[in-house]
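Visitor: structure, please.
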Amino acid sequence: MMELKDRRLGSRTSVFRMEFRRRDYSAEEQGHVLRRSLSDHHPLLPPSPSFNNQVVDEKNGNNDFYDPLRGLNAEDSASVEEKDNINNNNSQVSSKEWTSFKRFLMQKFPVSKMISIASMSDVIIKSSTSFRKSSESSHLEEVDDPQRISQEDVKVITGHEYVSRLHELKDEINRAWHAEDRVTALKLTIQVAKLLMDTSVLQFYPTLFVLATDVLDMLGDMVWKRIQQKAEFSEDGTFLCSLPEDFKTSDICSDAKETCNNWFCKVGSIRELLPRIYLELAIFPCWRFLLDKPQDSLQRLVMMARGVVDPLASTYCRLYMAHCARKLPLSDIGHLVTCVNDTKILLMRHLSAREDGHFSDKKRVLVTLMEPSIEYIMKCIFENTSQSQRQVDSILLELGLGRNQEDLYGSSPCVSLVLHHLLKELPTEVIRSNFVGILHLIECSQDHYFDQCLNYRLLGFRLSESRSKLDIVYSVVDKVIQAVAQYDRLDQYLRVVDAYMDIVLQNQMDNHLKTILEGISKQSCHKEIHEDELESLESVLMKLLSHFTDLNDVLALDHFLEILDVMYGNPRSNINMHILSMATRTGYLHDLSTIQLLFEISQSLHDGIDFGSMKDDEYQQPLRLISRFVEMVDYGTEMEQHLMFLVECRGAFGSINELKETLVHSSNCLAIKALKDGRKHLTFVNSCIAFSEVTIPSVLEHVVQFNLYIETAEVALLGGLVSHSDGLVVSAISCLECFDLTDGSRTSIDAGGMLSSIQKLCSLLVMFPGNPDEGITRFPNSILSLINSRSWMTPRMKIRLFCGIILLLATLSQNKLPYYPYRAEITGNDLLFFGDPSYMHEIAALSECVLQNLISFIEQEPPKAAHGTMALEACNCIASAFVVCQGTLEVCWKLIEIGRLCLGADDRYLQSTIKYLNEQLPTSEKAFLALGI
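Guide: Residues are numbered from 1 along each chain as shown. You can find the predicted model right below:
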């Protein structure tokens with residue numbers, strides 16, 4: 001029984017007597033149990049055939065519906081393929097591909113800081129801050145030809161100035177053209193083309209090529225548009241005709257032909273060979289105005305390009321030729337094959353002699369610079385992947401890979417660089433049917449300026465693209481492994497075996513796998529591993545781990561752990577993460593040796609994390625994997641050993657805040673497991689609780705601390721450790737008292753999660769035996785004080801916590817509690833204080849205080865929809881906790897009136913609250929409530 005004083009009517013004070021409602025929890029539970037009935041069909045079983053037919057009929061009836069998860073039917077697939085073929089034919093000449101290729105060149109060969117140029121490049125020196133330096137100084141800074149430098153001084157300009165000057169020249173040419181000064185535009189373009197004659201600075205030449213060809217392409221486009229305009233319009237601007245895409249020379253008027261011929265005559269008068277070729281290539285599409293088959297002129301330009309002696313300038317000239325030829329509607333590949341053959345001759349001539357010193361290094365750089373052009377030309381040759389086997393064989397014969405059809409892939413040597421890009425572009429069907437012959441071709445092609453291991457590696461990737469006969473696969477893999485076994489460099493060995501790992505694993509070549517791991521171990525375990533070798537080694541081990549589903553199968557492989565030990569840095573961390581992920585996704589870990597290995601792997605992963613420099617999201621994954629590993633460890637009946645493992649983890653991974661939460665959860669689970677085994681493990685339970693008590697304070701976030709304290713307190717109570725549980729609840733409440741919005745966590749408060757945690761504490765306090773010396777309501781009083789003193793609590797949190805305390809006190813006032821601790825020796829408050837009037841008086845006094853706080857807080861809130869909802873929540877709480885008498889009714893009436901003003905009389909929540917209150921009222925008072933509303 002309690003008295004509630006109401007001062008809301010001015011000076012008059014009313015005293016209401018309110019009594020806790022008596023509850024029969026067992027009867028209420030039976031009353032709310034859902035009725036059960038037999039069902040003909042299990043809800044989780046597949047639907048009946050009739051249902052499937054109905055679904056199919058519905059789908060068939062709506063042809064407009066497209067399900068992205070269903071495959072295309074045959075007609076749809078055919079139409080899609082036809083559209084793709086049309087699109088491929090229309091996009092044969094792709095400017096985007098050329099733009100992407102130029103960007104690749106610029107990125108692969110960036111501009112150097114200082115560039116040495118010859119005296120003839122006055123077009124660049126103009127308006128620049130270049131200066132002269134001696135040939136001796138230039139020789140020290142650039143890889144150059146000393147004989148040429150000794151003949152004259154060299155002018156030096158910064159790379160940025162060189163590039164800026166070329167952009168200025170492009171703008172000058174554009175302005176001159178639009179000012180009708182086409183002679184100046186042509187002269188400036190010739191000067192730009194002459195720059196491509198200078199290859200003294202090898203590394204800068206690709207950038208120079210990109211910038212110069214941009215200018216040439218611009219001039220070519222402008223010339224094309226001018227001639228096209230003359231063909232479509234007369235001198236006075238009269239429209240003549242619109243040229244179709246496949247126009248003939250007969251469609252072109254004589255004036256346009258004359259202009260076109262004049263441009264080719266101007267270009268033909270250029271004295272220097274290389275600029276003359278570049279300028280004609282720039283305007284080469286204009287041959288269509290003069291010839292119906294302009295492709296025939298390409299062979300003439302190919303022959304002219306043989307006069308360019310410099311291998312780098314000659315190769316890039318052929319590269320531009322391939323680009324310009326693609327602008328023609330129909331282009332033969334004969335000139336491209338000739339370009340490749342001529343490039344092969346140049347390479348073999350310049351690379352045949354073995355040399356030492358910087359000349360050898362210069363040749364290696366030269367091969368690197370020539371590689372992109374060979375790659376692009378080879379791609380142009382095989383861009384039509386639908387070529388038949390016969391056509392491909394014909395191309396290979398023209399490339400010199402055999403004297404006749406029977407001798408194809410024979411003993412004819414081939415430059416490794418050319419062979420590499422040939423293998424890259426050959427159709428898959430050709431590769432699949434000639435694996436052995438191609439392997440023999442690789443064996444016959446040996447030149448020391450290109451790593452032959454790249455060809456073996458590429459062959460492995462091409463072998464993986466399609467399924468071949470098993471005997472052929474075995475033969476190829478066996479020969480490749482025998483060949484790479486002779487390598488004395490680990491990086492070369494790893495590059496090759498990496499390409500064949502998938503083949504070896506998919507075809508279960510256990511002997512070859514053993515040989516590969518033995519070779520890696522032999523070459524890596526007694527030397528320092530470099531970064532490029534680490535990347536290849538990481539790829540090999542990743543493929544190995546991805547193939548197996550059981551970690552034990554990987555650990556059983558010979559030399560695997562030896563190879564793992566030599567790794568370090570990010571590659572080692574990535575492998576460690578993959579191993580942990582693999583180990584923890586298949587279930588609990590029971591094997592002691594595996595647990596020890598994974599613990600050492602976790603230590604290595606943890607030690608490799610730089611917590612100071614890495615971003616939070618960068619090390620979250622390894623930390624989650626370590627926590628997951630700790631969580632999945634299970635020592636079975638050896639619980640003491642499991643607890644020692646947790647202690648060891650706390651010492652090894654003390655800097656991982658998230659792991660501490662996992663450690664506490666694991667320790668509490670061990671305690672519960674021990675309790676299920678019986679009383680003999682009570683000492684061990686005490687040890688688990690002590691472990692958790694020591695670990696929780698080191699958790700940084702107060703909200704997580706609070707939840708862990710509550711969890712551990714519940715476990716301690718289940719174990720009969722009342723004093724431990726009492727102290728943990730005190731620590732939990734103190735943790736909330738220390739929590740503030742501006743504390744170290746600096747995160748927004750999860751109001752819902754916080755409210756749920758405190759409500760859980762209220763539910764736990766139902767089982768706590770009271771202590772008369774410290775006050776039976778000590779903990780509810782502490783929660784009430786917390787509500788009134790914390791500024792971070794939202795109004796909704798406060799209302800619900802007030803209601804939570806009221807419901808807690810109402811439960812404690814019952815003659816029989818709804819639930820009790822697991823251990824029978826812990827006496828509940830219903831028995832401990834049975835018939836004690838001081839117990840009920842203390843509960844009633846606190847209830848009065850909480851109720852007054854609740855009503856006062858609701859009255860102070862502004863009238864909003866949320867305010868009305870909170871008032872109705874409080875009304876439902878009071879109606880369920882107290883007997884609905886006059887005093888209770890007056891309080892509920894007041895709260896319902898607030899809800900009606902804020903939400904409206906038609907609100908469904910308001911109506912349900914009134915209905916519930918009516919159900920609790922005696923029959924004589926129900927009319928009074930209805931009349932009042």
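Visitor: state the mean pLDDT of the longest helix along the chain.
Guide: Taking DSSP state H as the criterion, the chain has its longest helix at helix 205-232. Averaging pLDDT along helix 205-232 yields 93.
Visitor: buried stuff in that helix?
Guide: Using 16 or more other C-beta atoms under 10 Å as the test for burial, helix 205-232 gives 205-213, 215-220, 222-224, 226-228, 230-232. From N, CA and C alone the C-beta is placed, and that goes for glycine too.
Visitor: kindly report the same for stretch 733-740.
Guide: 733, 734, 735, 736, 739.
Visitor: which of these fall within helices?
Guide: Per DSSP H, the buried residues of stretch 733-740 map to helices at 733, 734, 735, 736.
Visitor: one step back: just after the longest helix of the chain, pick out the following helix or strand.
Guide: Helices and strands here follow DSSP states H and E; after helix 205-232, the next one along the chain is helix 254-268.
Visitor: quick one: list the elements packing against that next one.
Guide: Judged by 3 or more C-beta pairs under 8 Å, 6 or more residues apart in numbering; DSSP states H and E, the packing partners of helix 254-268 are helix 205-232, helix 273-282.
Visitor: for residue 765, find the nearest of those.
Guide: helix 205-232 (76.1 Å; C-beta to C-beta).
Visitor: can you pull out the helices in the stretch 801-933 of the chain?
Guide: Secondary structure of the stretch 801-933 of the chain (DSSP state H, counting those that start in this stretch): helices located at 829-832, 837-860, 865-881, 886-903, 908-920, 923-932.
Visitor: identify all contacting residues around the third one.
Guide: Contacts to helix 865-881, defined as C-beta atoms under 8 Å, 6 or more residues apart in numbering, come from residues 20-21, 795-796, 799-800, 802-803, 806-807, 809-810, 851, 854-855, 858, 861, 888, 891-892, 895-896, 898-903, 907, 909-910, 913, 916-917, 920.
Visitor: OK, contacts around residue 533?
Guide: Neighbour list for residue 533: 490, 491, 494, 524 [criterion: C-beta under 8 Å, 6+ apart].
Visitor: go again using 7 Å as the cut-off
Guide: Residue 533 is in contact with 490, 491, 494, counting by C-beta atoms under 7 Å, 6 or more residues apart in numbering.
Visitor: am I right that residue 156 is in a strand?
Guide: Yes - counting by DSSP: H, G, I helix; E, B strand; the rest coil, residue 156 is part of a strand.
Visitor: surely it and residue 114 touch.
Guide: Yes - using C-beta atoms under 7 Å, residue 156 makes contact with residue 114 at a distance of 5.4 Å.
Visitor: against residue 500, how distant is residue 538?
Guide: Distance, residue 538 to residue 500, by C-beta to C-beta, to the nearest Å: 16 Å.
Visitor: those two: which is more packed in?
Guide: residue 500 (28 against 21; other C-beta atoms under 10 Å).
Visitor: flag every buried residue along the helix or strand hosting that one.
Guide: According to DSSP H and E, residue 500 maps onto helix 490-506. Under the neighbour-count criterion of 16+ other C-beta under 10 Å, helix 490-506 has 490-505 buried.
Visitor: which strands or helices does it pack on?
Guide: On a contact count with 3 or more C-beta pairs under 7 Å, 6 or more residues apart in numbering; DSSP states H and E, helix 490-506 meets helix 453-464, helix 470-484, helix 510-524, helix 531-547.
Visitor: residue contacts, the closest residue to residue 920 other than its chain neighbours?
Guide: Once flanking residues are discounted, residue 920 sits nearest to residue 884: 4.2 Å by C-beta to C-beta, 6 or more residues apart in numbering. Residue 884 sits next to 917, 920, 921 when contact means C-beta under 7 Å, 6+ apart.
Visitor: if we go to 8 Å?
Guide: The contact partners of residue 884, by C-beta under 8 Å, 6+ apart, come to 892, 917, 920, 921.
Visitor: go on, residue 310?
Guide: If you count contacts by C-beta under 8 Å, 6+ apart, then residue 310 has 197, 199 around it.
Visitor: distance of it from residue 205?
Guide: 10 Å.
Visitor: mutual contacts of these two, please.
Guide: By the contact definition C-beta under 8 Å, 6+ apart, residue 310 and residue 205 are jointly contacted by residue 199.
Visitor: do you know which of the helices of the stretch 801-933 of the chain lies nearest residue 265?
Guide: helix 865-881 (87.1 Å).
Visitor: so what's the gap between that closest one and the chain middle?
Guide: 48 Å (C-alpha atoms, centre = their mean, to the nearest Å).
Visitor: buried stuff in that helix?
Guide: Result for helix 865-881 [16+ other C-beta under 10 Å]: buried residues 867-881.
Visitor: now the angle from that helix to helix 837-860?
Guide: 160 degrees (axes from the mean of the first three to the mean of the last three C-alpha atoms, to 10 degrees).
Visitor: which single one of the buried residues of helix 865-881 is nearest to residue 826?
Guide: Nearest to residue 826, judged by C-beta to C-beta, of the buried residues of helix 865-881 is residue 881 at 25.4 Å.
Visitor: find the nearest non-adjacent residue to the closest one, please.
Guide: residue 810 (3.9 Å).
Visitor: just to revisit the earlier point, could I get the helices and strands packed on helix 254-268 as CSV with distance to residue 645?
Guide: What follows is the helices and strands packed on helix 254-268, written out as CSV (distance: least, C-beta to C-beta, whole Å):
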stretch, distance to residue 645
helix 205-232, 59
helix 273-282, 73
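Visitor: out of the ones you listed, which is closest to residue 829?
Guide: Closest to residue 829 of the helices and strands packed on helix 254-268, according to C-beta to C-beta: helix 205-232, at 85.5 Å.
Visitor: now do the closest one: which elements does it pack against?
Guide: Contacting helix 205-232 under the criterion 3+ C-beta pairs under 8 Å, 6+ apart are the following elements: helix 95-108, helix 159-178, helix 182-194, helix 254-268, helix 273-282, helix 311-325, helix 358-381.
Visitor: with distance to residue 580 and mean pLDDT added, can I get those in TSV?
Guide: Below are these laid out as TSV (distance: least, C-beta to C-beta, whole Å; pLDDT from 0 to 100):
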stretch	distance to residue 580	mean pLDDT
helix 95-108	36	90
helix 159-178	47	91
helix 182-194	58	94
helix 254-268	67	93
helix 273-282	58	96
helix 311-325	49	94
helix 358-381	40	86
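Visitor: sweet, I'm off.
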